[in-house]
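**Q** one predicted model, sequence on top.
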Amino acid sequence: MSSIDLLREEIRNSVPITEVIGKYVRLERSGSNFKGLCPFHNEKTPSFFVSPTKKIFKCFGCGEGGDVISFLQKYENISFWEAVRKLADEYGIDISQYISQRDDQKGHSSTEKLKRANIVAMEFFASNLFSDIGKQALEYLHSRNVDDTTARIFRLGYAPNDESLISYAQKRGVPPEALIEVGLAKRSPDGSLIPFFRNRVIFPIFDRGNIPIGFAGRAIEPDDEPKYLNITNTPIYDKSKAFYGINVALPEIIRSQQAIIVEGYMDVIGFYKAGIKRSIATCGTALTEDHAKILRTIAPQVILAYDSDEAGMKARYQSALILLKHDIIPLTIAFPEGEDPDSYVNKHGTQALQQLIEQPIDFIEFWLNKIWREDLSPNQQAEAIREILQLVAAIPDSLKAEGYIRLVATKTGMDIKLIKKELRKIIRSNVTSEQMSFTPTPQTTSLPQKPVFGFLKETTKFILKFGFHKVKISEQTNQSEESQDEKLVRDLILDSLDPILISYDPIYEEILQLIKNLTDPPSSPEDLPLSEEARKTFWHLIDSPAMLEQLFQMPINTSADILQDIKRIKNFAKLLSLQLKRKEIQDRLKDANAEEKQQLYAQIWDLSRQINKLLKETGLSISIPID
């Protein structure tokens, strides 16, 4: 066994893998293993498993797997040696016998050099804050009720109004190009280096591994603009994925299963001083889709605690919309008008803020109470309802959405049928180029692919969940239940799908063919007679490997809900098939002569008529989730 293999084995045996991964992913026990939402791809059902006995992790969705070292390498985008050093330092493991000088030099990847540049810069800024040169910056922080201990916890610093960062970094072996690449310096016209931050309080931004990846600076002088200055994205820093304070807040977020999103860096620090240690903030940008994906892996509950001014309210609404799309029902707290967390603590004290956090409000309910009034004009009331329904339309879970529909109807006194009708209109109007347009016209020359893939995905998941139920069906309405036939849900659906739909995507065609022929559950993923890509997709669709065993033990089910779902799937399949057929004919128009075009237009109009009729009869819009 090589020295590298011995080193890996020692790290694996000395480091508790669930403890390490549990700092990044919210894990729940599942038998002898642990499971959670995979941090390497977006998913709604946990397919990420950690085995403490085997000392490995495996995602049955995206296929990622390995040991504690490879997890850190993948998650933090670091080298093997960086991961080893990090774990060795944290768990007190002596690895000196394994590392030769040559191996140590190999470990310094370009990414590692950039992170080292940030570490050196952070040390420079932090040392300045508590020296004579940083006196004004420290006085500013004291005026904002930030004591020295808190400043050290968040590694706050000061950037002087000179070029001393450049010389300091060079003495520590950081090349000028590394400072430029991490956004801390730029070249002047004469070729000299100029620091990006001057005379500013510095806020280091860390990743979840406690490594500084970026910086922001706050002006000290009232006339300096902008008030906050953020570095741009770099090879190791992406604003759309970074949270300020995540390194400090993560343990408490994992423990409490709750994250609090605040508006700014000082708000994070203010909450921390108030004893609320699970708050984080975005870094000079609005909450993004990537932020929401990260939040789903670490906290099932998110509280929006933005300022109560107009900008803060707008940010709350937009953030809530993004969170809802990712199946996170956001909560919020209501500061008095014109106040932010800092001013609220100054007026009412830390205990009042803690009480406010302990009693968060459902965001949709909060927004409904905020914008709805009986004295609004009919037009204003209609717009208020539509504003709320935009939030409801973003919820992928139909049962959760139904509860909010009833809430809106009760609060406004509107007929629930009218509310649902308006919701369907909003969902249709929100359809983008990634989704399907439900307005069939002969002039349409393209059909977006996303809805077809979405339908195949959701239908396959439905078949995997209910496909081996038997349901009683009857072609004649007066047939007695005893004489009704029993059929597998799988067969009822697959037999009704048009070949044009099944063959649309080779991977799903392969999976559906496998499902059609299944008689016994496979014992492991490797037993599936599928290509590698199809196998990955298949395991991403199921809740867990154990689900397959349950498929063959399901009892007869005569539930009207199952039959109704089958009917909706069939209708949606028919709609998509008609649109695909129309798309094929439209594609043939460009190469057709005049006589052929006349025939093709006739076929297009006939298909359009069938589509319009189906839409009118079924009211299809949200029957089947489309990603």
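**A** On my side now, so go ahead.
**Q** in the stretch 51-200 of the chain, which spans are helices?
**A** 68-76, 80-91, 101-106, 110-129, 135-143, 148-153, 164-171, 176-181 (DSSP state H, counting those that start in this stretch).
**Q** export the ones you listed to JSON lines and tack on mean pLDDT and distance to Ser188?
**A** The C-beta positions use only the backbone N, C-alpha and C, and glycine is treated the same way. Putting the helices of the stretch 51-200 of the chain into JSON lines (pLDDT from 0 to 100; distance: least, Cβ to Cβ, whole Å) gives the following:
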{"stretch": "helix 68-76", "mean pLDDT": "88", "distance to Ser188": "34"}
{"stretch": "helix 80-91", "mean pLDDT": "85", "distance to Ser188": "33"}
{"stretch": "helix 101-106", "mean pLDDT": "46", "distance to Ser188": "33"}
{"stretch": "helix 110-129", "mean pLDDT": "93", "distance to Ser188": "19"}
{"stretch": "helix 135-143", "mean pLDDT": "96", "distance to Ser188": "25"}
{"stretch": "helix 148-153", "mean pLDDT": "96", "distance to Ser188": "32"}
{"stretch": "helix 164-171", "mean pLDDT": "96", "distance to Ser188": "11"}
{"stretch": "helix 176-181", "mean pLDDT": "95", "distance to Ser188": "12"}
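**Q** tell me which of these lies nearest to Asp375.
**A** Nearest to Asp375 among the helices of the stretch 51-200 of the chain is helix 135-143 (43.7 Å), distances taken as Cβ to Cβ.
**Q** just want the angle from the closest one to helix 110-129.
**A** If you take axes from the mean of the first three to the mean of the last three Cα atoms, to 10 degrees, helix 135-143 sits at 90 degrees to helix 110-129.
**Q** residues making contact with helix 135-143?
**A** 128-130, 148, 151, 156, 158, 200-201, 220 (Cβ atoms under 8 Å, 6 or more residues apart in numbering).
**Q** got the buried residues for that helix?
**A** 137-138, 140-141 (16 or more other Cβ atoms under 10 Å).
**Q** now that helix, how far from the centre of its chain.
**A** In terms of Cα atoms, centre = their mean, to the nearest Å, the centre of helix 135-143 is set 37 Å apart from its chain centre.
**Q** what of stretch 362-382?
**A** That offset, for stretch 362-382, works out to 29 Å (Cα atoms, centre = their mean).
**Q** straight-line length of it, end to end?
**A** One end of stretch 362-382 to the other measures 22 Å (Cα to Cα, to the nearest Å).
**Q** ok so, going back, widest-spaced pair of the contacts of helix 135-143?
**A** Among the contacts of helix 135-143, Asp148 and Arg200 lie farthest apart (Cβ to Cβ), at 18.6 Å.
**Q** with neighbour numbers in mind, choose between those two.
**A** Each of Asp148 and Arg200 has its neighbours counted (other Cβ atoms under 10 Å); Arg200 has more, 26 against 13.
**Q** what bridges to that one?
**A** Judged by DSSP bridges, the bridge partners of Arg200 are Ala159, Ala219.
**Q** what about it, distance to Tyr228?
**A** Distance of Arg200 to Tyr228, given as Cβ to Cβ, to the nearest Å: 9 Å.
**Q** which neighbours do the two share?
**A** 217-219.
**Q** pLDDT and neighbour count added to these, as JSON lines?
**A** Output for those, formatted as JSON lines (pLDDT from 0 to 100; neighbours: other Cβ atoms under 10 Å):
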{"residue": "Gly217", "pLDDT": "97", "neighbour count": "24"}
{"residue": "Arg218", "pLDDT": "97", "neighbour count": "22"}
{"residue": "Ala219", "pLDDT": "96", "neighbour count": "17"}
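**Q** out of the buried residues of helix 135-143, who's nearest Ser51?
**A** Leu141 (45.9 Å).
**Q** quick one: the closest one from Arg218, how far?
**A** 9 Å.
**Q** list the residues that contact both of those two?
**A** Val201.
**Q** tell me the contacts of Ala305?
**A** Contacts of Ala305 (Cβ under 8 Å, 6+ apart): 260-263, 267, 271, 279, 332-333, 335, 341, 357.
**Q** nearest to Lys461, out of these: which one, please.
**A** Closest to Lys461, out of all of those and judged by Cβ to Cβ, is Ile261, at 30.6 Å.
**Q** what about Leu456, which SS state?
**A** Look at Leu456: counting by DSSP: H, G, I helix; E, B strand; the rest coil, its state is helix.
**Q** give me the element the residue lying closest to it once chain neighbours are set aside is part of.
**A** Spatial nearest neighbour of Leu456, chain neighbours left out: Tyr508 (4.2 Å); criterion: Cβ to Cβ, 6 or more residues apart in numbering. In this assignment (DSSP states H and E), Tyr508 forms part of helix 506-517.
**Q** before we move on, what about Glu19?
**A** helix 17-21.
**Q** quick revisit: make CSV from the buried residues of helix 135-143 and add distance to Leu589 to it.
**A** Converted to CSV, the buried residues of helix 135-143 look like this (distance: Cβ to Cβ, whole Å):
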residue, distance to Leu589
Ala137, 69
Leu138, 73
Tyr140, 68
Leu141, 69
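**Q** how far away is Arg208 from Asp267?
**A** Taking Cβ to Cβ, one finds Arg208 at 20 Å from Asp267.
**Q** more neighbours, the two?
**A** Neighbour count, other Cβ under 10 Å: between Arg208 and Asp267, Asp267 has more, with 23 against 18.
**Q** circling back to that earlier point, by contact count, what packs against the helix holding Tyr508?
**A** helix 450-466, helix 489-494, helix 499-502, helix 532-541 (3 or more Cβ pairs under 8 Å, 6 or more residues apart in numbering; DSSP states H and E).
**Q** repeat the analysis, applying 6 Å as the threshold.
**A** Where contact means 3 or more Cβ pairs under 6 Å, 6 or more residues apart in numbering; DSSP states H and E, helix 506-517 is packed against helix 532-541.
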